[in-house]
Each structure stands twice: as structure tokens, then as C-alpha cells.
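K.L.:
what would the 3D arrangement of this be:
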Amino acid sequence: MESTWDREMAQSTSSEENCSKFKECTKKLQVTLSKAMKERTETRAGQVVGCKKLDEDTESSYLSSGLACIMQLKKYNRLEKMLLKKNRDKVSEARQMVDSQHLQYVNMMYELQHLRTEIAKCLDYKSAVDEIEMVPEQQFYDQAPPSISCPEVTKSDPHELCKARLEWELTQRKSLKEERKVVESEKKTVLAHIKKRKSRLDSLLPKLKEAIEATKPVQEALGVQKEKSLYQEQFLQVFPVPMFLLYCRFKAYKDAYNPNLVLDILGDLEKVEKQMREVKSVPDLNAEIEDQSELESQELSDVRSERSKKRQTKSDPANVQPMRISTKLDSSIQISFEVKEGDLNGQVKLIFYYFPKLNIVSVHTSFMNASEGPSPASGIDLLRPSSLLSFLRNGDDKGDEFPTLESQLLAKSNKIKFVEVFGEDRPFKWAQILAGIDLAAENVKADKSLILKADLVSTDVQSLFKDIKSRIGNRLILEKTLNEIDSGHLVLPQEYADKLLTRVVANMSKISAVDLESFYTEFSSRTIVEAIHLKAGFVVKFTVKSDKVGVTSHVVIPLDYPCSNTIFILNWISGSEVTNKDMLMNIEQEVNVEIFNDIKIDPAHNMTVQIHHLKQCVDIVAAHNALQKGTTVEASGTKIFKPEFNSRTRVLPFKYDPESRTFDVRY
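P.N.:
A predicted model of the protein is given here:
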């Protein structure tokens, strides 16, 4: 219990005074206790030696002095606790006051933030007036009557000006609404009149079709194809520039050089129009970036324009369905013409397609053989569409890759495979040039009117058809040659009778087709295989045997045959008595190189002459082998060798001398 005296003492003294007095009292107690302990120690020592005991008064004085000090310590401790409680009460009161003021401060800050938000809302308030598109201010003063414009008031007061402009806008729109009603009534009258006429025209359409059908026999008898010409003209109006240019070139060639050429446009006109609209509706990348930047600047300058936002939505390129990269135009140009080569003939059909996104033209080739005859026993399709026109105009145009720089980049970026896009079709470079497509440029930009002024009857078109006819004629002759080889009745043309020894003893086996991949695997070590890899198209295999000597021949037929000669790659057959590798290389050189240096050969007969010379070489090897063994064969003796040839170490005499009708050694 706290007494009144304690509270008065606590109020009259400070903590520092109590602390100093507490320390003094503590020191005094320590001194008293140390004296008492010292005397007690001495007294105990004296008792041991027989001295007197400690005086009771002295001991009681020490005890009373110590108790007094303890009482003082308790007093000062009690006063300190009272002061501590008093200070704590003051701190608590001060803290409550600070918390109350901080709470008031936070409330005022929240109120200030609320007021600022309300002020911002008021400042950003969007009135319906801002969304109304009104005439410009100068036009308002020029057109509005003075009773509405009131220039003396509105020019100095923006609020009155806004009210006056709104009143004028309302007046104008009411008058426009009345005019709209009048125009709509007139529109209904016109639409009814149009509907009446349309129904009449619809009723005339079946009658017109019947009349056209009735006049078709007359048109065919007179050679008039007006309907077909009109149909093609409709296509030409929507055709892209490359297809337009192709048609114009072929049409000019037909009119000038080949009236029998059949030129048609195939496809669906409505689908072509839709595809061309899709192509034109998608802007290029640069234009799209510029449009987006303009739209962003417009949004920053005027965020309140709703109509501008609608225009942006309509013109957004993302809303346009893009055309696929590999999609081709749903129309094509078809050309048909006849090819004759001796007693062989047939019809060639070329179909040109266009890929709008890749901006390239592809060609599909087909040949229908009209002459009766067996197909090659080897099973090789020499007239297959994918290889019929490879390497037609130059030495690197196989047609198995994207021809332009732009198409190559698009195919690489979109991971498009060549076969997935074209199949059996081929985008030859000469087709791109005829279509006016620059192989190194990114796009074709031309005007049809400018193209029409150019020389459309180009010598390229004329030479193109000449090359195609020549290629197909040579393939037909090659097919006939393979049939003769397989039947065993290969005949040397008469014009070579005085240049080559016509009589040969060696015989040939039936031919068989060899897969290109297996051929490359088997002869991968041969240097010549790497050289012919690009143009190699077909490989056939047969054996040539004379007496006890024989070779297996793999004949590589290039795609541009006969511009490039057939290549013979030889191996000795198993069981042959001659297996000299150097001699085999000499025979290969004779057949592939030397025979063309000895005589001039018609390109169409290259393979026939090479096979005949191969037989002669095998006969010579067999005859030489018989001479070495001391025996005779049908092809040995002085019939083919010169008398002085009798050495084992010399190169065999493969060079034929027409004058002496014997073979001699090449020097």
C-alpha cells in the first residue's frame, strides 16, 4: 500500500537523487558488513587462543546500523518504483495523444485523396457534346442565321458558343432527316422498278441460252468461237500479271506461227476473283507497320473519336483471312500441240499454274503417245511428267527447287517442302522468265497496258516449242532404241555403215532398269558418278559377251539426252577370262569419248552407236585373248587386226580404219 508520505516524497524527489542516495546507502551497508565480518573473524581467532568474546553492544550496533541501511534501501527502491510508474503513466498518456493525432492525420490524408479523386473525375468528365461531330466553327458562323449564331455573344462566351452550335446542329439534322425520308421513298420506288426489270431479264435468260445453243453448230461451221473468246477475256480481266503475260505470249505465237495450237483457260472465274481479292486485301509488311504507327499516333492525339476506332477495326489486317503460302490460283492455262518424229507421234499438253503468295509459275507436262508400239521392256517411263522437260533451256534448270529468291525465303521461313507444294509439277526458270518474273527480285510490278505494248511474239516462245518438240522426239527415239535392244534387233543406222564395222559377233542380254539410289551406292567410288549425279535420270543394265569375254554395262541416261551423252560404266562379268582393269578403263574411254572424236554422230543415234562400238571392243578383246592362247574365234585373225599387231603389252587396237577396214592402236 502506498502511503501519502511516499507519494509526497516521490513527487518531491527525482530519480537521480534517489539513485545517488541508494548508492551511498549501499556503500555504507557494505562498510558496516565488512567491519562486522572482520571483527567476527578476529573474535573467532581469539577464542582459539583464549581471548575474550566480541562485545554484545558492538555486535548489536553493527546489526542496528545494517538494518537501518536495509530499511533505507527498501525506501529508495519503493520510491524508485513509484517514480517509474509515474513516468510510465506519463509515457502512456503521451503515446495515446500521439496515436490520436496520427489517426487524425491519416483520416485527413484519406479525405484529401478522396477529394483529389473527385476533382480528377470532374476534370475528366466526358460530356455527350464531345462525341457529337459538329461543323467547324468558321462554317457555323458562315451558314447559321444571326438569330442562332449571335456573334456578339458567342465569340466572347465559349459556353454560349457551344449551345448555339448544338442548336444549329439539331436544326440541320432535322432537315437532313426529312430529306432522308424523301430519298428513301424514291429508293423504294426505284428498287421496285429494278425488281420488275430484273424479273423480266431473268425470264429472258433461258431463251437466250436456247438461242446460243441453237447457233453453236453455225458457229462451229463458220469457225467462230465468240463464246469461248468472251469467257477467256473475263479471265484475263482478273488474271495476275504473270498469267496475263503468259497467255498473251502464247496467243501471239499461236496467231503468228501455229494456228493448230490449242490454247485454253481452265478454272472457276468466281473463285479466281475471290482469291485475287484476298491477295489484294492483305497489305505488305512495310505498309502494315506504317498503318499501325499512324493508328497509334491518332489514338494518342484524339482518344475520343469513336468513328476513328471503327475505321481502325475495319482496316485491321488481322481481321483479313490470309491465303496459304502453298495455295495456287484456281485457274490454269492449258496448251496442247502435236509432236511427230518419223513414224512416232503423240500429243503434248502443258498446264501452267500460278502461286500468288510465292509469285511463281509451275508447269505440268503430259504426253499421250498416239503411235502403236510396245512400251519399253525395261519398265522405264521416259515420258514421266516430272522429268520430261528438265534441263530444257539451260544446264542448271532441273525444276526441283524454288526458282526465285522471294519464294526460297518464304519456303524457308514457313518450313514448306517442295514436294508438298508442287507434286509432279515443276517451276522451271524458263517459265518464270516467260511470265515476266525476275528470278532475283522480290516481286513483280508491271502494268498490263505496258505489257501489251511490248513485243509479245517473242523468239523465246518459238524456240521453247521447238525445244519441247525436239526433247519429246528424242525421248521417243530413245524408247524405240531400248525396245530394239531388249528384242535383240538393234540395227545400226545406214549412214554409219561406211564409218564403222557393221559385222559384230558379240551378243547382248535383255535390258533391265536400275534404281538410281542403288546405282549410286554400288559405284560411289567411281569419280565419273559424281560428275553425272546432277543430270542422271535413268539407268539401264545389260551384258555384252563375245566368246569367253563379257562385260556388264550400266548405262546412265541423262535428263537432257541427247544434249549430254549417255555414260557407260563397265564391269567384267563373273567367269570372264579377261579381268584387266586398265583394259576395262580403255573400253570405257572408247565408248564414252573416243567414238565421238572419230566420227560425227547424229545426237538422236548416240546410244545406238555407243552400244555398237561397245560390241566391237568386246569382240576385239575376245580376239586378242584367243590369239594369246593360240586359238581362233570368229572375230579374230587378220579380219580385224593389222598384221603388225602381235604384242601382248600394247594397248588393244580399238580405233577403226574405214579405208583398210581394220582396227588400229591409238597413239
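
K.L.:
state the distance from Phe663 to Leu570.
P.N.:
Look at Phe663 and Leu570: by C-beta to C-beta, to the nearest Å, they are 19 Å apart. C-beta: built from backbone N, CA, C; applies to glycine.

K.L.:
wait, Leu627
P.N.:
From Leu627 to Leu570 the distance is 22 Å (C-beta to C-beta).

K.L.:
the more surrounded of those two?
P.N.:
Leu570 (20 against 17; other C-beta atoms under 10 Å).

K.L.:
tell me who's in contact with the more buried one.
P.N.:
Counting by C-beta atoms under 8 Å, 6 or more residues apart in numbering, Leu570 makes contact with 551-554, 584, 587-588, 591.

K.L.:
how about Gln347?
P.N.:
Gln347 touches 336-339, 367-368, 370, counting by C-beta under 8 Å, 6+ apart.

K.L.:
just give me the closest of those to Phe422.
P.N.:
Nearest to Phe422 among the contacts of Gln347 is Phe367, at 18.7 Å by C-beta to C-beta.

K.L.:
give me the pLDDT value at Lys466.
P.N.:
pLDDT, Lys466: 89.

K.L.:
confirm it sits in a strand?
P.N.:
No - using DSSP: H, G, I helix; E, B strand; the rest coil, the assignment for Lys466 is helix, not a strand.

K.L.:
show me the contacts for the most centrally placed residue in the chain.
P.N.:
Nearest to the geometric centre of the chain sits Asn414, at 2.3 Å (C-alpha atoms, centre = their mean). Asn414 sits next to Ile325 when contact means C-beta under 8 Å, 6+ apart.

K.L.:
pLDDT score for it?
P.N.:
At Asn414, pLDDT is 85.

K.L.:
can you pull out the helices in the stretch 151-300 of the chain?
P.N.:
In the stretch 151-300 of the chain, the helices defined using DSSP state H, counting those that start in this stretch lie at 151-154, 158-222, 226-238, 241-256, 269-281, 285-301.

K.L.:
repeat for the stretch 401-550 of the chain
P.N.:
Using DSSP H, counting those that start in this stretch, helices in the stretch 401-550 of the chain cover 405-413, 418-422, 429-434, 448-453, 459-487, 516-522, 527-532.

K.L.:
so for Ile601, which of the ones you listed sits nearest?
P.N.:
The closest of the helices of the stretch 401-550 of the chain to Ile601 is helix 459-487. By C-beta to C-beta, the value is 13.1 Å.

K.L.:
residue ranges with poor pLDDT in this structure?
P.N.:
By pLDDT under 70, the low-scoring segments of the chain are 1-12, 45-56, 219-220, 223-228, 281-323, 370-379, 440-459, 531, 631-650, 667.

K.L.:
Asn606: which of the helices of the stretch 401-550 of the chain is closest?
P.N.:
Using C-beta to C-beta, the nearest of the helices of the stretch 401-550 of the chain to Asn606 is helix 459-487, at 9.3 Å.

K.L.:
counting neighbours, what do you get for Trp572?
P.N.:
Neighbourhood size, Trp572 [other C-beta under 10 Å]: 18.

K.L.:
quick one, phi psi at it?
P.N.:
phi -70, psi 140 (degrees, to the nearest 10).

K.L.:
can you give me the strands in the stretch 551-667 of the chain?
P.N.:
567-572, 655-657, 662-664 (DSSP state E, counting those that start in this stretch).

K.L.:
pick the most deeply packed of those strands.
P.N.:
Mean neighbour count (mean count of other C-beta atoms under 10 Å) peaks for strand 567-572 among the strands of the stretch 551-667 of the chain, with a mean of 20.

K.L.:
list the buried residues in stretch 486-500.
P.N.:
486, 490, 492, 496, 499-500 (16 or more other C-beta atoms under 10 Å).

K.L.:
with stretch 112-126 instead?
P.N.:
For stretch 112-126, it's none, nothing buried (16+ other C-beta under 10 Å).

K.L.:
swap in stretch 18-26?
P.N.:
18, 21-22, 25.

K.L.:
kindly report the same for stretch 572-583.
P.N.:
For stretch 572-583, by 16+ other C-beta under 10 Å, it's 572-573, 576, 578, 583.

K.L.:
run the chain-centre distance for that stretch.
P.N.:
A distance of 54 Å separates the centroid of the chain from that of stretch 572-583, by C-alpha atoms, centre = their mean, to the nearest Å.

K.L.:
stretch 248-261 now?
P.N.:
37 Å.

K.L.:
go on, stretch 128-135?
P.N.:
Relative to the centre of its chain, stretch 128-135 is centred 48 Å away, using C-alpha atoms, centre = their mean.

K.L.:
same check, this time on stretch 113-126
P.N.:
Using C-alpha atoms, centre = their mean, the offset of stretch 113-126 from its chain centre is 53 Å.

K.L.:
just the helices in the stretch 1-150 of the chain please.
P.N.:
Counting by DSSP H, counting those that start in this stretch, the helices of the stretch 1-150 of the chain are 4-12, 15-49, 56-123, 137-143, 146-149.

K.L.:
now do the longest one and helix 15-49, the angle between them.
P.N.:
Which is helix 56-123. 150 degrees (axes from the mean of the first three to the mean of the last three C-alpha atoms, to 10 degrees).

K.L.:
coming back round to it: output the buried residues of stretch 18-26 in a markdown table; the columns should cover distance to Lys429.
P.N.:
Output for the buried residues of stretch 18-26, formatted as a markdown table (distance: C-beta to C-beta, whole Å):
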| residue | distance to Lys429 |
| --- | --- |
| Asn18 | 113 |
| Lys21 | 117 |
| Phe22 | 113 |
| Cys25 | 119 |
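
K.L.:
nearest to Gln138, of the residues you listed?
P.N.:
Looking across the buried residues of stretch 18-26 and measuring by C-beta to C-beta, the closest to Gln138 is Asn18, at 92.0 Å.

K.L.:
ok, the closest one - contacts?
P.N.:
76, 79-80, 83.

K.L.:
list only those of these flagged as buried.
P.N.:
Using 16+ other C-beta under 10 Å, the buried ones in those are 76, 79-80, 83.

K.L.:
got phi/psi on Lys328?
P.N.:
Phi and psi for Lys328, reported as degrees, to the nearest 10, are phi -100, psi 160.

K.L.:
quick check: it touching Tyr354?
P.N.:
Yes - assessed by C-beta atoms under 8 Å, Lys328 is found in contact with Tyr354 at 6.5 Å.

K.L.:
find residues that contact each of these two.
P.N.:
With C-beta under 8 Å, 6+ apart, Lys328 and Tyr354 have common neighbours Ser362.

K.L.:
circling back to that earlier point, Arg277 is nearest to which of the helices of the stretch 401-550 of the chain?
P.N.:
Of all the helices of the stretch 401-550 of the chain, helix 448-453 sits nearest to Arg277, with 17.6 Å by C-beta to C-beta.

K.L.:
from Asp264, how far off is Ser366?
P.N.:
Using C-beta to C-beta, Ser366 is found at 14 Å from Asp264.
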